[in-house]
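J.: Generate coordinates for the sequence data below:
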Amino acid sequence: MNTDFSALSHIDWERFLPLLLIYISINLILLSCACIDWFRRKDWIATPAIWLMVILLVQPIGSILYFVIGRRTTA
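T.: Model prediction:
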């Protein structure tokens, strides 16, 4: 396993910082919206505990999956 981190010093971080900040911002917005919606609708969601784990652990795809699939209610 290569544990040499000296290659990181050669990366132009100023070039990637705007993209990284956009990614982090979108991820935090998705995460917060999904968590707020989950908290409000957890009594009507089919498997709320599983969806909370998906939202929190599978970033950012978990939040998107929750909004597309997980909001279905138990009829």
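
J.: In the chain, where is pLDDT below threshold?
T.: Where the chain drops to pLDDT under 70, the residues are 1-2, 73-75.

J.: Which element is encountered next along the chain beyond the biggest helix by length in the chain?
T.: Scanning the chain for the helix with the most residues, using DSSP state H, yields helix 13-41. Scanning forward in sequence from helix 13-41 by DSSP states H and E, the next helix or strand is helix 48-57.

J.: outside of that following helix, which residues touch it?
T.: Under the criterion C-beta atoms under 8 Å, 6 or more residues apart in numbering, residues 31, 34-35, 38, 42, 45, 62-63, 65-66, 70 lie in contact with helix 48-57. (Glycine included, C-beta is placed from N, CA and C.)

J.: Make a PyMOL selection of whichever of these turn out to be buried.
T.: In PyMOL syntax, the buried subset of those is picked out as below (16 or more other C-beta atoms under 10 Å):
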select buried, resi 31+34+38+45+62+63+66+70
